[in-house]
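Asker: this one's structure only:
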């Protein structure tokens, strides 16, 4: 077959078959779960007790009667204090997973979540330091 049309076309046919399998035959990951990450700095005069109460309130949200079915995974992290040349780090980071965008939207306006914001975060958060993002993930609780 050397020099014939078949030897010329075979690599193209194999490549096309691989592309078809990759694009159409293999299951693609469904990205319907949502991860919410928020981080912020605390005011300089925040006491250790206020910070501890904030972290406890955040970590306690999944145990709330109404939030336990909405929040699928939650992690709270405190900054290690390692300086970075581009500026100050956030003091607190929170990562929350939901089964869907609807779950996130229910959480965002839920009275228990709003209470944590109003009672524990806003009083000690440095104004203008909050940043957040929401994005799709293939599975809740997985990095």
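Answerer: It's in. Model, not experiment: these values are computed from the prediction. Numbers count the residues shown, from 1 in each chain.

Asker: Helix, strand or coil: sort out residue 90 for me.
Answerer: coil (DSSP: H, G, I helix; E, B strand; the rest coil).

Asker: measure the closest residue to it other than its chain neighbours to residue 143 for me?
Answerer: Spatial nearest neighbour of residue 90, excluding adjacent residues (C-beta to C-beta, 6 or more residues apart in numbering): residue 39 at 3.7 Å. Any C-beta I mention is one placed from the backbone N, CA and C, and that applies to glycine too. Look at residue 39 and residue 143: by C-beta to C-beta, to the nearest Å, they are 16 Å apart.

Asker: These two: who's more crowded?
Answerer: residue 39 (18 against 6; other C-beta atoms under 10 Å).

Asker: isn't that one right up against residue 93?
Answerer: Yes: with contact defined as C-beta atoms under 8 Å, residue 39 and residue 93 form a contacting pair (4.1 Å).

Asker: Show me where the protein has its strands.
Answerer: 33-40, 73-78, 92-98, 131-137 (DSSP state E).

Asker: Compute the inter-axis angle for the first one and strand 73-78.
Answerer: Going back to what we said before, that points to strand 33-40. 20 degrees (axes from the mean of the first three to the mean of the last three C-alpha atoms, to 10 degrees).

Asker: Can you list the strands that strand 33-40 pairs with?
Answerer: Here strand 33-40 is paired, per DSSP bridges, with strand 92-98 (antiparallel), strand 131-137 (antiparallel).

Asker: Save the strands of the chain as JSON lines, and put in distance to residue 54 too.
Answerer: JSON lines is the format used below for the strands of the chain (distance: least, C-beta to C-beta, whole Å):
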{"stretch": "strand 33-40", "distance to residue 54": "10"}
{"stretch": "strand 73-78", "distance to residue 54": "9"}
{"stretch": "strand 92-98", "distance to residue 54": "7"}
{"stretch": "strand 131-137", "distance to residue 54": "16"}
